[in-house]
Structures are given as C-alpha cells and as structure tokens.
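*Asks:* Any chance you can model this:
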Amino acid sequence: MGARIACRAAQKILLDPQLPAEQYGIALKECFDALVRKHMALRPFVPWELERIRELPEQSYAYGTTLMAARLTPERTWMVHIGDGAVHVIGENGRFLPFPVPAVDCTGETESLVMPDAPERMRTAWFASPAAVVLLYTDGYDPRLRRPWPMLEAIGAEEPESALRETLRRGGNGDDRTLVMFCAPEMMESDRFREGLAREYRRAGLEAEHSRLSVRCRELRGFVRSALDKLQRAPETENARLRERTAAAYEEYKEITRRLGELEASLARPDTEDIL
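*Replies:* Reported below is the predicted structural model:
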C-alpha cells in the first residue's frame with residue numbers, strides 16, 4: 001500500500017505545471033505523508049498488524065517504500081528517485097543524462113519515503129531536452145550494473161519484448177524485479193543517437209577495464225611487498241623460485257600501472273559534447 005500511495009503522490013506532484021523541479025522532494029514527502037495519514041485513519045491497523053510493527057519508530061513506517069519516477073514531454077525530462085533500484089535516461093543524442101547515484105549506506109538500510117529526511121535523500125533532476133530511452137528498475141534485476149547494456153541491446157532487437165524477458169530471466173539476485181521502460185524508436189534510429197550511444201559504450205568499456213586492472217594491480221602490489229619481505233629473511237639458496245615469481249609479478253605490475261595511467265588520462269579527457 002505504501003508503494004501505491006507513493007505512485008499516486010508522484011503522479012500528482014510531477015504533473016503539477018506550477019511546481020519547480022527543485023521542490024519535488026519536499027512536495028512529494030508532504031503529499032505522501034498526507035495520503036498515509038488518510039489511509040491510516042480510514043483503515044486502522046488490526047491487532048496482528050500492530051504486533052508486527054510494534055518495534056518500528058512510527059506506525060507510518062509500515063508504509064515504507066522506495067520510489068522511482070520520470071516525467072517526459074517533447075521538450076523536457078524530469079527524474080525522481082529514492083531508495084534502491086536504478087534510473088537510466090538517454091537523451092536524443094544517445095548520451096546518458098547525468099543523474100546523482102544513490103549514496104552507499106554502510107548500515108544496509110534502504111532509503112524510504114517514510115524517513116523524516118526523505119526530501120534530502122531524494123535525487124531529483126530535470127533537463128531541457130527530450131528522452132529517447134528511460135529505464136526504471138528495482139534492485140532485483142542487478143544493482144551492480146552501472147549501465148544497463150543488456151537491456152539496451154534487448155531494446156534494439158527485432159522483438160524487444162521477448163528479448164527483454166530473456167534478459168530479465170538471465171539477470172537477477174533473487175529479489176523481486178519490476179521494470180518500466182520507455183523508448184522512442186524514431187529518436188533511436190537517428191545517426192546522432194547511435195553515435196552518441198557508441199561513445200557511451202566505449203567509455204563504459206574503458207571504465208570496466210580500469211576497474212578490473214585496479215583490482216589486479218592491488219593484488220600484485222601486495223604479493224610483491226610480501227615476497228620482498230620473505231626474500232630479505234630467507235637464505236639466498238631458497239630464493240630462486242620466489243625471485244622469479246617476484247620479478248614476473250613486478251613486470252606485470254609495471255605494465256598494468258602504465259595501462260592504468262593511459263585509461264585514467266582517457267577517462268579524464270572532457271567528453272561532454274552534446275550531453276545536455
């Protein structure tokens with residue numbers, strides 16, 4: 001019921017033409033809280049429900065919910081997000097519209113609209129450009145995905161719906177999965193969109209390579225340090241094999257360090273053409 005109320009509040013707030021986007025967080029929280037209070041008055045908790053929620057800070061926490069929403073017009077794009085899951089929007093130029101990523105909570109607590117500071121936790125953004133693709137999905141699909149490339153490949157298939165179903169079957173972490181998708185084929189077929197998306201794909205490949213090599217670099221650095229310490233303490237006659245392994249690891253470490261420098265230079269190079 002909390003999720004249904006959140007969707008109702010989002011529809012009401014995002015469709016208000018007089019409300020500035022920077023006020024969405026506060027307005028959504030106020031609307032959600034008002035609707036929750038109304039529902040609690042019309043449908044009071046029964047005894048077994050009260051027993052289940054007795055340790056919650058407030059009874060209203062029983063309505064805890066995440067929220068993802070987007071409002072699209074031919075001229076503008078608005079995005080709202082609180083909690084886990086993901087929001088991805090690609091403009092008519094094939095570039096991902098920048099959107100704040102959820103903060104990492106070391107306690108494992110999921111952000112929710114019921115929290116008193118929900119407006120501060122909520123991520124909102126708007127852009128003076130239309131959207132060609134919008135994907136909203138819960139964390140049950142795959143929260144590790146920085147970019148939803150499998151979904152985008154499925155959208156471009158001859159039968160997008162069946163391809164998407166297969167993609168969702170393959171991915172997942174066992175949690176429930178909900179996906180909302182919007183795409184404008186006429187925008188996606190343009191050369192501008194395809195070129196922009198190709199640049200995003202190349203950049204994602206560089207980021208993935210940097211991440212993989214960074215892990216390997218740390219492993220090699222730890223091994224070399226440990227090996228050098230052993231070489232200093234062990235008799236030289238016992239060091240031949242360890243010296244070979246250490247030398248090989250150090251050469252690999254130097255090569256990876258060089259490649260990481262190249263990747264970091266490429267990723268640091270401005271790539272903002274036509275993003276907005």
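
*Asks:* burial measure for the residue nearest to Ala3 when sequence neighbours are not counted, as a count.
*Replies:* Among residues not flanking Ala3 along the chain, Thr65 sits closest, at 4.5 Å (C-beta to C-beta, 6 or more residues apart in numbering). (Glycine included, C-beta is placed from N, CA and C.) Neighbour count of Thr65, defined by other C-beta atoms under 10 Å: 19.

*Asks:* Could you do Leu228 as well?
*Replies:* Other residues close to Leu228 by other C-beta under 10 Å number 12.

*Asks:* which residues touch it?
*Replies:* Shown in contact with Leu228 (C-beta atoms under 8 Å, 6 or more residues apart in numbering): Thr246.

*Asks:* likewise Ala227?
*Replies:* Leu242, Arg245, Thr246, Ala249 are the contacts of Ala227 under C-beta under 8 Å, 6+ apart.

*Asks:* returning to that earlier point: check whether the residue nearest to Ala3 really touches Leu113, as I assumed.
*Replies:* Yes - using C-beta atoms under 8 Å, Thr65 is in contact with Leu113, at 5.6 Å.

*Asks:* where do the contact lists of these two overlap?
*Replies:* Gly2, Ala6, Gly83.

*Asks:* Where is pLDDT lowest across these?
*Replies:* Minimum pLDDT for the shared contacts of Thr65 and Leu113 is recorded at Gly83 (88).

*Asks:* what about that residue, distance to Leu14?
*Replies:* According to C-beta to C-beta, to the nearest Å, Gly83 and Leu14 sit 17 Å apart.

*Asks:* Looking at those two, which has the bigger crowd around it?
*Replies:* Neighbours of Gly83 and Leu14, each counted by other C-beta under 10 Å, are more numerous for Gly83; the result is 22 against 18.

*Asks:* Next, count neighbours for the residue lying closest to the more buried one once chain neighbours are set aside.
*Replies:* With C-beta to C-beta, 6+ apart as the criterion, Gly83 has its nearest non-adjacent residue at 2.6 Å, and that residue is Thr66. Other residues within reach of Thr66, judged by other C-beta under 10 Å, total 19.

*Asks:* Thr66 against Val80, yeah?
*Replies:* No - in this structure Thr66 lies outside contact range of Val80 using C-beta under 8 Å: 11.0 Å.

*Asks:* part of a strand, is Glu181?
*Replies:* Wrong residue type there; residue 181 is Met, not Glu. Yes - assessed by DSSP: H, G, I helix; E, B strand; the rest coil, Met181 belongs to a strand.
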